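A.B. asks: coordinates only, no sequence provided:
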């Protein structure tokens, strides 16, 4: 499924590490999205979700921008067209994706690009990254989650300021607010994203998928119902385990606990 470097959405897989790299590749227009690009991006996440060789997905942009939003030269075609089709909606497919998605954000993540970043599970940003919500500036109504997700992550008052002023949220501020996980130099961006992906892939693949799901599903609920959801899925998971699986778990734990920590100097 690897795509050519000339494609507007490039997909590459590292089978040895279980990592898939998805790149928005229209740098001359700061990676602004056309309707066909949205469909290709949606299809990429749908396919990678079904690909058992992939454990983690890293999403990035070419050149000096992550994604500058929708190509407004075809705005009416995009906003009144097939973007309503969930199968052609990249954010919908990202949210449906069971695999952890790491966003590697360099340069601008503007409006729809901001919303795509919000659909990632973990964000690594370069020091020059800027998140900008220009919906109010251009008279565009948000439909990929920005009006609801951002306030839940950085707080309502700060989210109002970001969205109603259309001012930039810098990488440093985003990290302080808990929106961005790590800020690194541009040259280290994909390296850091890969480092996090490798750390995830070292763990139990099935539990990673289940854990992501219970976090993402639980955050949509109040705490009481979220705790009930966790308990329900825990019981479902343990009831589905065989005696052999429990034995392997015990052997693994015993092996880990038998390793003595290195002596301190």
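C.D. replies: Received it, and whenever you're ready, just let me know what you need. The shown structure was predicted, so the numbers you read here are calculated from the model rather than taken from an experiment. Numbering: from 1, shown residues only.
A.B. asks: measure residue 130 to residue 253 for me?
C.D. replies: 45 Å (Cβ to Cβ, to the nearest Å). C-beta: built from backbone N, CA, C; applies to glycine.
A.B. asks: more neighbours: those two, which one.
C.D. replies: residue 130 (20 against 10; other Cβ atoms under 10 Å).
A.B. asks: might one say that the more buried one is in contact with residue 106?
C.D. replies: No - contact criterion Cβ atoms under 8 Å: residue 130 and residue 106 do not qualify, at 10.1 Å.
A.B. asks: what is the burial count for the closest residue to residue 41 other than its chain neighbours?
C.D. replies: Excluding its sequence neighbours, the residue lying closest to residue 41 (Cβ to Cβ, 6 or more residues apart in numbering) is residue 90, at 3.9 Å. When neighbours are counted by other Cβ under 10 Å, residue 90 registers 29.
A.B. asks: ok, now the one 4 residues further on?
C.D. replies: By other Cβ under 10 Å, the residues close to residue 94 number 27.
A.B. asks: tell me which element it falls in.
C.D. replies: Element membership for residue 94 (DSSP states H and E) is helix 90-96.
A.B. asks: give me the helices and strands touching the helix or strand that that helix is followed by, please.
C.D. replies: As assigned by DSSP H and E, the chain's next helix or strand after helix 90-96 is strand 101-105. Using 3 or more Cβ pairs under 8 Å, 6 or more residues apart in numbering; DSSP states H and E, the elements in contact with strand 101-105 are strand 56-61, strand 65-67, helix 112-118, strand 122-126, helix 189-201.
A.B. asks: about what we covered before: ok, now how distant is the residue nearest to residue 41 from residue 38?
C.D. replies: Per Cβ to Cβ, residue 90 is found 5 Å from residue 38.
A.B. asks: and what of residue 59?
C.D. replies: 14 Å.
A.B. asks: again with residue 22
C.D. replies: The spacing between residue 22 and residue 38, counted by Cβ to Cβ, is 13 Å.
A.B. asks: now do the buried residues in the helix or strand where residue 235 lies.
C.D. replies: Assigned by DSSP H and E, residue 235 belongs to helix 223-239. By 16 or more other Cβ atoms under 10 Å, the buried positions in helix 223-239 come out as 226, 229, 233.
A.B. asks: ok, the second one - contacts?
C.D. replies: Residues in contact with residue 229, defined by Cβ atoms under 8 Å, 6 or more residues apart in numbering, are 214, 217, 218, 221.
A.B. asks: returning to that earlier point: run the chain-centre distance for the helix holding residue 235.
C.D. replies: 24 Å (Cα atoms, centre = their mean, to the nearest Å).
A.B. asks: pLDDT on that helix, on average?
C.D. replies: Averaged across helix 223-239, pLDDT comes to 96.
A.B. asks: same deal with stretch 183-202?
C.D. replies: Stretch 183-202 comes out at a mean pLDDT of 98.
A.B. asks: and it, what's buried?
C.D. replies: Neighbour count says stretch 183-202 has 183, 184, 189, 190, 192, 193, 194, 196, 197, 200, 201 buried, by 16+ other Cβ under 10 Å.
A.B. asks: with distance to residue 168 added, can I get the residues you listed in JSON lines?
C.D. replies: Converted to JSON lines, those look like this (distance: Cβ to Cβ, whole Å):
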{"residue": "183", "distance to residue 168": "14"}
{"residue": "184", "distance to residue 168": "19"}
{"residue": "189", "distance to residue 168": "18"}
{"residue": "190", "distance to residue 168": "23"}
{"residue": "192", "distance to residue 168": "22"}
{"residue": "193", "distance to residue 168": "22"}
{"residue": "194", "distance to residue 168": "27"}
{"residue": "196", "distance to residue 168": "25"}
{"residue": "197", "distance to residue 168": "27"}
{"residue": "200", "distance to residue 168": "30"}
{"residue": "201", "distance to residue 168": "33"}
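A.B. asks: for these, which one is nearest residue 169?
C.D. replies: residue 183 (12.3 Å; Cβ to Cβ).
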